[in-house]
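S.K.: Fold the following, please.
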Amino acid sequence: MDTLRLVIVIFLLIFLFLSPDSHAPSLLQQRELDHSILEERHSLNVLNSSSYGSLDPSHNRWLNVTGLRKEDGYVWDILPEVQERARGHFQNALDGLGPTTSYSNASADSADASRGDTPGQNAALATMKPFDEPQPMYQNVTSIMRGNWIRSDIENDVIRPSLNLSTVAPRVYYSSNKYKRNITGHSGNLQIQLYEKDEGKALPDPTIARNIKAQVTIRDETSRGDGWELTLFGVHYPQQGGIVLSTTSEKFAGVFALPHFALSSRAFSLAQSLLNQTLMTTIKEQEADFTSVSNPWSSSPHRPTEAMFPVPHCEFLVYLQQHPVDDITVSLHALEQELRFPTGASMPSAPMIRMSAVVFSPDCGFVLESQGPPNYAPQQGLHLNGRKQESYMRIVKHFVLAFATLICGQIFLLIRQMKDTSTPSTRSRVSFYTVATMALGDGVSCMLFMVVSIFVDAAFLPLIATAFLSFLCVSFFGMKFLMDIWTVQAPERQERERERQRQRESRSATPASTASGPTSAATSEPTTATAGTDTLPLPVTAPRPAGTNDIPVIITPDQDLDAAQAEDNAVAQNNTQTTLGSARREMSALYTKFYFLLLGILFLSLHATTWPLILRTIYSNVLAVIYLSFWVPQIHRNIIRNCRKALRWEFVIGESVLRLMPILYFYMIPDNILYIDNDTNAAYALIGWVWIQICALVSQEIVGPRFFIPSSWVPPAYDYHPILREDDEEFGAAMPIGFTQATAEPSSPTTPKPGESKEKGKKVFDCAICTENIEVPVIPASSRDNGESVASITATTIFSRRAYMVTPCRHIFHSQCLEGWMRYRLQCPICRENLPPL
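M.R.: Residues are numbered from 1 along each chain as shown. Coordinates of the predicted model:
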């Protein structure tokens, strides 16, 4: 019931956070919207009434729109230099493709004249291909590109403007005068995600301009999180591969002045004709819908927060130039047609898309350029590179399917491990926190895939299917395994709690009771431990209590099956009645804690994306180390309980590999789907850390759970592999029961005595489970007289000791025989005495 209430609360919170706000705007908001629409209509009228060259600060020609007036104080004086640098990128992109005339020669002549050059000197504009000639460029550039930027030398002599914001945007009251998105570093990273809408079932006409939207992320040495994010709108010229983008805000009408930033008069005409239609359509939609926002072209991705507490941002003007693909033999038009509208035809892999960029901020006065040829060597950068959205989504689908395969492998291994640990004895060996750590990782994966599937329609089916597999792994199998382990280990936790209570009571006892303690302690006798408790039995070489028989009464198993079964049923029924209620309450609380911890990790990880780069790197590395430490609790439990063989080796190796692979993908693959910077040193460290844990488990299996831990650091535990000596006190009582009896005398001096092996230093015993003999190494009495150390003898017989096991009741068996028996019953096969768990 508690779990159901928790699920309902989580569902209500998600519904409240994601539900849209559809209430009618207030009178003030409606008045602001009307004023914004009037400003937009005014800017559109200015655009329609202007021509190419109307914005020319060198000849004192300005536009009567926000941000392009002389009194606004923007640094438009360097705009011609920025445009010339963009033309240089265009020339470099089309170098060697032959004579072209895309932009009119008149525009080239006018550009040359504006710079004082003779007509036709600008080869980048005077030699361009005609519009009807196809070029090896993508027509639809919807893609994600990344690269490095460096500060341009254009801004060397620029004086940073000091703007009067109350004059530029009088209707906006900024909460701070400090500009955001002000790039102050010398270099950094640049990521651009371009969006172009589909128009019908064929590629659009490449001879016309098209609207385009870009999500830009700029990062330098001082940026927080992933850097500064901004949204730009612009025009794409598919025939030339050129793109002009601009931000728009209350202090800069960038989208309405976009044609004036074009590189030629023909480009100006194409952009003016396009924007005249699209801008008017958007304005009419604003007038028809009273709930629309005042600025549909806002550059802030966090529009609601910025509306409540507006702060000034640096405006951006971006020039992008697509470069031809390297493999010109590929039919790029047919390939792109198949990518966007697949028919199943066989096509080669899509080439990478590459663009160069020039970024200009007119109000903050900086200019950035993408790092690449010809100004920089190819080893330093190749401008902006990325994949088409269709190719990228294919890679995403392949990654999701590969991750789903890993989840299926984890489920398979978990089911086999659950079948192998189907008894209380085997479940008591498994660490609860090891399985819980794995379940938490699966839970985080499930929630992340569910969230991403909401926003990525192209990969919704594989994402939601993988999320379901993760949910299946954590909820049906992982939590079932956790519940079984928690229930079996409940008496152990209760015993520890009682022990702590006794220790607290003993510390608070009166001096009188403390004084009487030694007397009572002297008369008490050690007790033999029962299964599932921390009270350990006597060591095998300890003397038997006085007043009891040294030889136990042995009842053969076939004569006491009914009594043993009745006893087991009574104990099981009593334990079930006493622990079922408490176990259910504990599991209910466990479910609540588990899912709250899961949500806490998810929300903390989402918040960590806004942290500075160094903090995000530390957080991700620490989280990866904690997650990949899932074998540490199992190693600790093996030490505390002195047990081995808790997990199958295929489960240990398989889970280690399967859970390490997704993390190594992001740490070592350069073009991963999240574009995370590689860190091979951290990847090798994580591999080494998992390998160390596996080696620790292997050593515990072979040498012993406590071989590398000092005995004073751990509580005492019964040793099923003791060292046997001939000269121990009361040898006959201390040696295990089961010597092989011989009825005949040795016929020759070479015949071994009864109970002795043919090999020196060994004795022969009977295993009551398999009825075969056991040869056990025994330290001779002469070793002490000869000065031979027990440590040296122990080192030589450490592996032979693993072949036999001695119970507290002094019966000896093969290790494999007794371990197989104790997987189902923690009782001696001969005398039915309770045995400590392995």
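
S.K.: where does residue 191 fall, helix, sheet strand or coil?
M.R.: strand (DSSP: H, G, I helix; E, B strand; the rest coil).

S.K.: I'd like the distance between it and residue 605.
M.R.: Applying Cβ to Cβ, to the nearest Å, the value for residue 191 to residue 605 is 20 Å. Backbone N, C-alpha and C define where each C-beta goes, glycine included.

S.K.: More neighbours: these two, which one.
M.R.: Between residue 191 and residue 605, residue 191 has the larger neighbour count (other Cβ atoms under 10 Å), namely 19 against 15.

S.K.: ok, and the closest non-adjacent residue to that one?
M.R.: Using Cβ to Cβ, 6 or more residues apart in numbering and skipping residues adjacent in sequence, the residue nearest residue 191 is residue 217, 4.3 Å away.

S.K.: Which residues are in contact with the residue positioned nearest the centre of the chain?
M.R.: For the chain, the residue sitting closest to the mean C-alpha position, by Cα atoms, centre = their mean, is residue 663 at 6.6 Å. Contact analysis of residue 663 by Cβ atoms under 8 Å, 6 or more residues apart in numbering lists 624, 627, 628, 683, 686.

S.K.: Check the residues you listed and tell me the two furthest apart.
M.R.: Farthest-apart pair in these is 627 and 683; separation 14.1 Å (Cβ to Cβ).

S.K.: quick one, strands of the chain?
M.R.: Secondary structure of the chain by DSSP state E: the strands cover 143-151, 187-195, 210-220, 228-237, 242-246, 317-322, 353-360, 367-370, 384-388, 724-725, 762-766, 773-779, 804-806, 812-814.

S.K.: Comparing the ones you listed by mean pLDDT, which bottoms out?
M.R.: Looking at the strands of the chain, the lowest mean pLDDT belongs to strand 724-725 (a mean of 73).

S.K.: what lines up beside that strand in the sheet?
M.R.: strand 773-779 (parallel) (DSSP bridges).

S.K.: re the thing from before, tell me which of the strands of the chain sits nearest to residue 503.
M.R.: Among those, if distance is taken as Cβ to Cβ, the winner is strand 804-806, at 31.3 Å.

S.K.: Give me the contact list for that closest one.
M.R.: Strand 804-806 has contacts (Cβ under 8 Å, 6+ apart) with 540, 720-722, 724, 736, 765, 774, 776, 812-815, 818-819.

S.K.: and with 7 Å instead?
M.R.: Residues from elsewhere that reach strand 804-806, judged by Cβ atoms under 7 Å, 6 or more residues apart in numbering: 540, 720, 721, 722, 736, 774, 776, 812, 813, 814, 815, 818.

S.K.: Kindly reformat those residues as CSV and extend each row with neighbour count.
M.R.: Output for the contacts of strand 804-806, formatted as CSV (neighbours: other Cβ atoms under 10 Å):
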residue, neighbour count
540, 21
720, 25
721, 16
722, 16
736, 21
774, 23
776, 22
812, 24
813, 28
814, 18
815, 17
818, 24
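
S.K.: now, which of those residues sits nearest residue 31?
M.R.: residue 720 (85.3 Å).

S.K.: In space, what's closest to the closest one - neighbours in sequence excluded?
M.R.: Sequence neighbours aside, residue 805 is the residue nearest to residue 720 in space, at 4.3 Å (criterion: Cβ to Cβ, 6+ apart).

S.K.: picking that back up, of the strands of the chain, which is nearest residue 713?
M.R.: Closest among the strands of the chain, using Cβ to Cβ: strand 804-806, at 24.4 Å.

S.K.: List the buried residues of that closest one.
M.R.: Under the neighbour-count criterion of 16 or more other Cβ atoms under 10 Å, strand 804-806 has 804, 805, 806 buried.

S.K.: Format those as JSON lines; extra columns: distance to residue 76.
M.R.: Formatted as JSON lines, the buried residues of strand 804-806 follow (distance: Cβ to Cβ, whole Å):
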{"residue": "804", "distance to residue 76": "92"}
{"residue": "805", "distance to residue 76": "89"}
{"residue": "806", "distance to residue 76": "93"}
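
S.K.: From those residues, pick the one nearest residue 383.
M.R.: The closest of those, once distances to residue 383 are taken by Cβ to Cβ, is residue 805, at 69.7 Å.

S.K.: what bridges to that closest one?
M.R.: The partner residues for residue 805, given DSSP bridges, come to residue 813.

S.K.: Correct me if wrong: residue 721 contacts residue 801.
M.R.: Yes - in this structure, residue 721 is within contact of residue 801 by Cβ atoms under 7 Å, at 4.4 Å.

S.K.: hang on, the earlier thing: for burial, what's the neighbour tally of the residue nearest to residue 191?
M.R.: Using other Cβ under 10 Å, the number of residues around residue 217 comes to 19.

S.K.: Report the separation between it and residue 608.
M.R.: According to Cβ to Cβ, residue 217 stands 17 Å off from residue 608.

S.K.: Pull up the per-residue confidence for residue 506.
M.R.: 82.

S.K.: Neighbours of it, how many?
M.R.: Neighbours of residue 506 using other Cβ under 10 Å come to 11.

S.K.: Give the residue spans of the stretch 151-300 of the chain that score low on pLDDT.
M.R.: 198-207, 224-226, 290-292 (pLDDT under 70).

S.K.: Tell me which stretches of it form helices.
M.R.: Taking DSSP state H, counting those that start in this stretch, the helices of the stretch 151-300 of the chain run over residues 165-168, 265-288.

S.K.: Which one of these lies nearest to residue 318?
M.R.: Here helix 265-288 is closest among those (Cβ to Cβ), at 14.4 Å.

S.K.: Check which residues of that closest one are buried.
M.R.: By neighbour count with 16+ other Cβ under 10 Å, helix 265-288 contains the buried residues 265-272, 274-275, 279, 282-283, 286.

S.K.: Alpha carbons of it, in PDB - could you do that?
M.R.: The C-alpha coordinates for helix 265-288 follow below in PDB (Å, rounded to 0.1, in the frame of the first residue of the first chain):
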ATOM      1  CA  SER A 265      22.000  41.800 -53.400                       C
ATOM      2  CA  ARG A 266      20.500  38.500 -54.800                       C
ATOM      3  CA  ALA A 267      20.800  36.900 -51.400                       C
ATOM      4  CA  PHE A 268      19.100  40.000 -49.900                       C
ATOM      5  CA  SER A 269      16.200  39.700 -52.300                       C
ATOM      6  CA  LEU A 270      15.800  35.900 -51.600                       C
ATOM      7  CA  ALA A 271      15.800  36.500 -47.800                       C
ATOM      8  CA  GLN A 272      13.500  39.500 -48.100                       C
ATOM      9  CA  SER A 273      10.900  37.600 -50.100                       C
ATOM     10  CA  LEU A 274      11.100  34.600 -47.800                       C
ATOM     11  CA  LEU A 275      10.800  36.600 -44.500                       C
ATOM     12  CA  ASN A 276       8.100  38.800 -45.800                       C
ATOM     13  CA  GLN A 277       5.800  35.700 -46.000                       C
ATOM     14  CA  THR A 278       7.000  33.800 -42.900                       C
ATOM     15  CA  LEU A 279       7.100  36.800 -40.500                       C
ATOM     16  CA  MET A 280       3.700  38.000 -41.500                       C
ATOM     17  CA  THR A 281       2.300  34.500 -40.900                       C
ATOM     18  CA  THR A 282       3.800  34.400 -37.500                       C
ATOM     19  CA  ILE A 283       2.400  37.900 -36.600                       C
ATOM     20  CA  LYS A 284      -1.100  36.800 -37.700                       C
ATOM     21  CA  GLU A 285      -0.800  33.700 -35.500                       C
ATOM     22  CA  GLN A 286       0.100  36.000 -32.600                       C
ATOM     23  CA  GLU A 287      -3.000  38.200 -33.200                       C
ATOM     24  CA  ALA A 288      -5.300  35.100 -33.400                       C
END
